[in-house]
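*Asks:* Dropping the sequence and predicted coords here.
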Amino acid sequence: MVIPIPYKIGVSGSRKNRFTYYDIGKKMVTDILKSICKEYHYVIFGHGACPYGGVDSIVNEFCKENNIPVKVFPPYYNLPSPERYHKRNRELVEWSDIVICIFAEEIYIGGTYYVMRYAKKLGKRLVVYIVDTVNEMWIRKEVI
């Protein structure tokens, strides 16, 4: 019997307060995660354990509810900000086979943007989603 090797899917995304309508955003992000599972079948998700809620929390909850393995990359609190987050984000990207960046409402400068740029620099497969909770739709852009 051949045991499949899971795709390592690194997810970075917006904090809770970036969503205009968080409950709608949570459902939409959950739908994105379901579609990723459907596309790749056997996955392990990784995320950055943002203490402010949002996409990282949604990924964690989704994995628990669906019995999907998850790898957490917490910030290095012994380092000064922003390096505590940058180091964590670089490790997430380096670990990942595929990097998923989920922005609430629009692309903006921040941790997820840093992840997106670093994934492009390393030539990682990168998929960017912009979740529009006002119009209840998302835009998906496969970058690499």
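*Replies:* On my side now, so go ahead.
*Asks:* what bridges to Val72?
*Replies:* Counting by DSSP bridges, Val72 is bridged to His47.
*Asks:* now do Ile130
*Replies:* Phe103, Ile139.
*Asks:* tell me the pLDDT at it?
*Replies:* pLDDT, Ile130: 97.
*Asks:* so who does Gln42 touch?
*Replies:* If you look again at residue 42, you'll see it is Tyr, not Gln. Tyr42 makes contacts with 4-7, as judged by Cβ atoms under 8 Å, 6 or more residues apart in numbering. For the C-beta atoms, the positions are set from N, CA and C on the backbone; glycine is no exception.
*Asks:* Distance check, it against Tyr22.
*Replies:* Tyr42 sits 30 Å away from Tyr22, going by Cβ to Cβ, to the nearest Å.
*Asks:* now Ile58
*Replies:* For Ile58 relative to Tyr22 (Cβ to Cβ), the value is 10 Å.
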